[in-house]
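Peer 1: model the structure of this input:
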Amino acid sequence: MKRQSPEEIRDILFQGSAQHNLALIINFHNAFRAGLVARVAEIDASLNATEAPQERLSLQHQRVIYTEVFDEMLRWTTFFLMYAHAEEWFFHVWKTYARSCQLESREGSIQRFKPILKTGLGIDLSKDTNWQLLCDAEKIRECLLHANGRVSLMKKPQEIKRIIHRRKNILEIVNDRLRIAGEFLNQFQDAIDAVIAATTIGPNSTAQQETKGE
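Peer 2: Residues are numbered from 1 along each chain as shown. Alright, predicted model coming up:
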């Protein structure tokens, strides 16, 4: 059996830790959502057990809070955690494999790492659907974080609307506010996983040259 080199062991641990940390975020989401579902079941049981108008009104209000407000807050929180994880991953890829590459300073938080993946690691991003989803996620994050999801407050609202039209099965605008579906989180997770898996050192890449030069 061939003995793994220190670089190969490093790469395995590097990718494994990234996938593990992403899984923790997903587990966080699932655990808290299970709590929301359990609470809604309790509210429904209480609704079925009472006919008192005032009590029913209070329970119905609670149900809306849990099923609509808290559930959406959880999706936002999970998305922000996943996005931060992806951005941190790109930073570590840059510092570990492609230090000589210059970031694209004119681009946003994710897209600034494009030269690292394209030049440093030799990944073709021109038709990469996972990379495109990450770029769209960057704009979604800006809208949620800087405009509290209100599309009309964005400097370029049409840009957000084009993304939503392109991904209308997982994104929508309701009363001028951007809403993300649970499936958006699933697809975002898959895209991050795919990009992590693709960050291998190519034979002619800057990453390989830098590794050899150490």
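
Peer 1: who's in contact with residue 39?
Peer 2: Listed by Cβ atoms under 8 Å, 6 or more residues apart in numbering, the contact partners of residue 39 are residue 66. For glycine as for every other residue, the C-beta is placed from the backbone atoms N, C-alpha and C.

Peer 1: could you do the one 4 residues further on as well?
Peer 2: The neighbourhood of residue 43, defined by Cβ under 8 Å, 6+ apart, consists of 59, 62-63, 66.

Peer 1: and which of those residues is nearest residue 28?
Peer 2: residue 66 (17.7 Å; Cβ to Cβ).

Peer 1: isn't there a helix covering the closest one?
Peer 2: Yes - using DSSP: H, G, I helix; E, B strand; the rest coil, the assignment for residue 66 is a helix.

Peer 1: low-confidence regions, the protein specifically.
Peer 2: For the chain, the stretches flagged by pLDDT under 70 are 1, 107, 200-214.

Peer 1: and the strands in it?
Peer 2: 171-174, 177-180 (DSSP state E).

Peer 1: out of those strands, the one nearest residue 148 is which?
Peer 2: Among the strands of the chain, strand 177-180 sits nearest to residue 148 (Cβ to Cβ), with 7.8 Å.

Peer 1: pull the CA atoms of that closest one into CSV?
Peer 2: Provided in CSV are the C-alpha atoms of strand 177-180 (Å, rounded to 0.1, in the frame of the first residue of the first chain):
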residue,chain,number,x,y,z
ARG,A,177,-39.1,41.1,0.5
LEU,A,178,-36.9,38.4,-0.8
ARG,A,179,-37.7,35.0,0.5
ILE,A,180,-35.5,31.9,0.3
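
Peer 1: picking that back up, for the strands of the chain, give me CSV that also has mean neighbour count.
Peer 2: Listed next are the strands of the chain as CSV, based on neighbours: other Cβ atoms under 10 Å:
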stretch, mean neighbour count
strand 171-174, 15
strand 177-180, 20
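
Peer 1: mind checking those strands for the one nearest to residue 55?
Peer 2: Residue 55 sits nearest to strand 171-174 of all these, at 29.4 Å, using Cβ to Cβ.

Peer 1: tell me where the longest helix sits in the chain.
Peer 2: If you go by DSSP state H, the chain has its longest helix at helix 6-49.

Peer 1: next one: residue 106 from residue 136, what distance?
Peer 2: Distance of residue 106 to residue 136, computed by Cβ to Cβ, to the nearest Å: 18 Å.

Peer 1: and those two? Which one has more around it.
Peer 2: residue 136 (22 against 7; other Cβ atoms under 10 Å).

Peer 1: residue contacts, the residue nearest to that one when sequence neighbours are not counted?
Peer 2: Closest residue in space to residue 136, ignoring its immediate chain neighbours: residue 163 at 4.9 Å, by Cβ to Cβ, 6 or more residues apart in numbering. Listed by Cβ under 8 Å, 6+ apart, the contact partners of residue 163 are 136, 139-140, 171.
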